[in-house]
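>>> Mind folding the following:
(one chain, ligands or ions: 1)
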Amino acid sequence: MSATIIDGKAYAAGLRARIATQVEPFKAAAGRAPGLAVVLVGEDAASSVYVRSKGRATREAGMESFEHRLSADIDQATLMALVAALNADPAVDGILVQLPLPAHLDAQAVIQAIDPDKDVDGFHPVNAGRLATGLPGFVPCTPLGCLMLLRDVHGTLAGLDAVVVGRSNIVGKPMAQLLLQESCTVTIAHSRTRDLPAKVRAADIVVAAVGIPKLIEGGWIKPGATVIDVGINRTETGLVGDVDFEGARAVAGAITPVPGGVGPMTIAVLLRNTLVSAGRRMGVSIDETLL
Ligand SMILES: Nc1nc2c(c(=O)[nH]1)N[C@@H](CN(C=O)c1ccc(C(=O)N[C@@H](CCC(=O)O)C(=O)O)cc1)CN2
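Okay, the predicted model is just below:
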């Protein structure tokens with residue numbers, strides 16, 4: 001058996017097109033475009049590429065992009081003042097500070113300074129709490145994108161056994177919350193997990209978000225399982241995921257490639273969250289069932 005390849009790039013393009021169709025009616029009702037502010041500190045090469053892609057995608061969807069590029073040696077107070085100004089700016093519906101920040105800056109303090117109702121990254125503790133308690137808020141873009149792909153493959157996920165490998169605040173923990181909301185039985189595995197292969201082998205759904213190239217071997221995968229690879233690891237041989245793709249595709253039922261799987265979903269969901277934020281803030285109805 002060879003797995004179906006889950007085409008995240010194509011799914012993301014479709015989602016972006018559906019978002020764009022709702023931007024025009026939003027503009028007519030609100031008298032302005034939804035606005036996304038992206039803050040980049042320093043010149044990390046990958047972060048610069050992602051921020052450029054976010055600006056381009058925002059404009060292509062008909063939204064307004066506000067880009068703030070700050071030098072790597074900026075101090076905490078200046079960054080906090082920028083966040084405060086963006087919180088107060090009525091044209092800004094979404095605020096995103098690109099991570100990672102340079103080591104001398106306190107990223108958690110910056111995240112907590114963002115107005116939770118403009119926190120389209122879904123990283124603020126208020127939004128983490130809303131997700132954990134089932135209240136409306138913002139869900140981090142990468143795990144929400146993974147969920148969209150999983151729903152597309154399975155329809156309902158209820159009753160399935162899922163393992164999330166990785167426990168970061170950005171992917172692992174929110175991913176586990178989302179799968180729990182879908183009535184999966186969820187295991188969160190991490191660096192101290194005993195017998196990881198056995199945990200993976202028991203799962204109908206495997207989400208790998210641990211940042212270790214090819215950690216998950218093909219022989220660990222349950223035949224027919226769905227494998228979502230969040231890893232983007234730059235190695236001498238190029239970009240590889242956290243899953244041994246060739247080994248896993250021979251056993252899995254469906255699998256995301258790297259690149260072209262989860263990555264493109266992150267930016268598409270960011271646009272979705274920005275449109276939803278704009279709708280909530282301006283009292284304009286957005287059809288979230290299309291998103
Ligand atoms: N504030 C945030 N910072 C970071 C986030 C985030 O969601 N919010 N996520 C990542 C980086 N990221 C977006 O910011 C991101 C990562 C990967 C991709 C993507 O499309 N990847 C391509 C490969 C591109 C490449 O060659 O690097 C793919 O997988 O096909 C988009 C966005 C960390 N920081």
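
>>> do you know how far whichever residue of the stretch 151-291 of the chain sits closest to the ligand is from Val83?
Of all residues in the stretch 151-291 of the chain, Gly263 sits closest to the ligand, at 2.1 Å by Cβ to the nearest ligand atom. Using the backbone N, CA and C atoms, a C-beta is placed for each residue, glycine as well. Going from Gly263 to Val83 by Cβ to Cβ, to the nearest Å gives 26 Å.

>>> Leu15 too?
28 Å.

>>> again, but for Asp73
Distance of Asp73 to Val83, given as Cβ to Cβ: 18 Å.

>>> and those two? which has more neighbours close in?
Here Asp73 and Val83 are compared on neighbour count by other Cβ atoms under 10 Å; more neighbours surround Val83, at 22 against 9.

>>> Can you check the pLDDT for that one?
You'll see Val83 listed with a pLDDT of 99.

>>> Leaving aside the residues adjacent along the chain, what's closest to it?
Excluding the flanking residues, the one nearest Val83 by Cβ to Cβ, 6 or more residues apart in numbering is Ala113, at 4.6 Å.

>>> still on that earlier bit, my read is that the residue of the stretch 151-291 of the chain closest to the ligand contacts Ile232, right?
Yes: counting by Cβ atoms under 8 Å, Gly263 does reach Ile232; the two are 6.1 Å apart.

>>> So the two - more neighbours on which side?
Gly263 (24 against 18).

>>> distance of that one from Val49?
Distance of Gly263 to Val49, given as Cβ to Cβ: 11 Å.

>>> Could you check which helix or strand contains Leu157?
Taking DSSP states H and E as the definition, Leu157 sits outside all helices and strands.

>>> How about the contacts made by it?
150-151, 179, 182-184, 205 (Cβ atoms under 8 Å, 6 or more residues apart in numbering).

>>> next structured bit after the one helix or strand Arg151 maps to?
Assessed by DSSP H and E, Arg151 sits inside helix 141-154. The element immediately downstream of helix 141-154 (helix or strand, assigned by DSSP H and E) is strand 161-165.

>>> Okay, buried residues for the helix or strand that that following strand is followed by please.
Under the assignment DSSP H and E, the closest C-terminal helix or strand after strand 161-165 is helix 172-181. Buried residues in helix 172-181, counted by 16 or more other Cβ atoms under 10 Å: 172-179.

>>> likewise stretch 71-82?
Neighbour-count burial for stretch 71-82 flags 74, 79-80, 82 (criterion: 16+ other Cβ under 10 Å).

>>> can you tell me which two in the residues you listed are farthest apart?
Pairwise distances across these peak at 10.4 Å for Ile74 and Met80 (criterion: Cβ to Cβ).

>>> Do you have the strands of the stretch 51-200 of the chain handy? List them.
Using DSSP state E, counting those that start in this stretch, the strands of the stretch 51-200 of the chain run over 64-70, 94-97, 161-165, 185-189.

>>> between these, which one is nearest to Ile6?
Among the strands of the stretch 51-200 of the chain, the nearest to Ile6 by Cβ to Cβ is strand 161-165 (15.5 Å).

>>> Output the set of residues of the stretch 151-291 of the chain in proximity to the ligand.
Counting by Cβ under 6 Å from any ligand atom, the stretch 151-291 of the chain comes close to the ligand at 232, 239, 258-260, 263-264, 266-267.

>>> Type out the ChimeraX command that picks the buried ones from those.
Buried residues within those, by 16+ other Cβ under 10 Å, are selected in ChimeraX with:
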select :232,258,260,263,264,266,267
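
>>> tally of neighbours for the nearest residue to Leu180 once chain neighbours are set aside?
Excluding its sequence neighbours, the residue lying closest to Leu180 (Cβ to Cβ, 6+ apart) is Val186, at 5.2 Å. Other residues within reach of Val186, judged by other Cβ under 10 Å, total 21.
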